[in-house]
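Peer 1: The sequence isn't on hand, but the structure is:
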């Protein structure tokens with residue numbers, strides 16, 4: 001009975017993770033579909049704990065277009081956040097560009 005309950009809890013956690021990943025993917029798709037200047041207006045104001053996971057899943061060419069029209073200050077802060085994250089993940093021996101749905 002305990003194993004059955006554990007299995008149900010694990011299945012629920014997996015489903016929740018899938019739902020969160022799907023929601024993030026929907027955000028990425030939405031921002032990629034926007035005009036770069038419109039997405040940049042939003043990105044300039046988003047907190048990095050929200051922005052970084054979105055940016056990591058965007059196509060690099062699309063993100064470059066958005067980054068080019070972001071405010072210089074916001075673009076700089078985002079670049080530093082991404083580089084710091086990549087450096088930290090590389091030090092742990094993981095690929096910083098393989099998205100796992102975590103910030």
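Peer 2: Thanks, I have it. Not measured: the values here are computed from a predicted model.
Peer 1: and the gap between the residue nearest the centre of the chain and residue 27?
Peer 2: The chain has residue 53 as the residue nearest its centroid, 1.3 Å off, counting by Cα atoms, centre = their mean. For residue 53, the distance to residue 27 equals 9 Å [Cβ to Cβ, to the nearest Å]. For glycine as for every other residue, the C-beta is placed from the backbone atoms N, C-alpha and C.
Peer 1: now do residue 86
Peer 2: 21 Å.
Peer 1: One more: residue 83?
Peer 2: If you go by Cβ to Cβ, the gap between residue 83 and residue 27 works out to 22 Å.
Peer 1: Tell me which of those two has more neighbours.
Peer 2: More crowded of residue 83 and residue 27, by other Cβ atoms under 10 Å: residue 27, with 15 against 11.
Peer 1: quick one: average confidence on stretch 28-36?
Peer 2: Stretch 28-36 comes out with an average pLDDT of 94.
Peer 1: again with stretch 79-93
Peer 2: Stretch 79-93 comes out at a mean pLDDT of 80.
Peer 1: Repeat that for stretch 5-25.
Peer 2: So the average pLDDT for stretch 5-25 ends up being 70.
Peer 1: in this protein, which spans are helices?
Peer 2: Here the chain has its helices, by DSSP state H, at 2-33, 36-43, 48-57, 60-69, 72-91.
Peer 1: and the second one, what does it pack onto?
Peer 2: Yep, that's helix 36-43 we're talking about. Judged by 3 or more Cβ pairs under 8 Å, 6 or more residues apart in numbering; DSSP states H and E, the packing partners of helix 36-43 are helix 2-33, helix 60-69.
Peer 1: Pull out the buried positions in it.
Peer 2: Buried residues in helix 36-43, counted by 16 or more other Cβ atoms under 10 Å: 36, 39, 40, 41, 43.
Peer 1: Model confidence at the fourth one, what's the number?
Peer 2: Predicted confidence (pLDDT) for residue 41: 95.
Peer 1: Tell me how far it lies from residue 34.
Peer 2: Applying Cβ to Cβ to residue 41 and residue 34 gives a distance of 9 Å.
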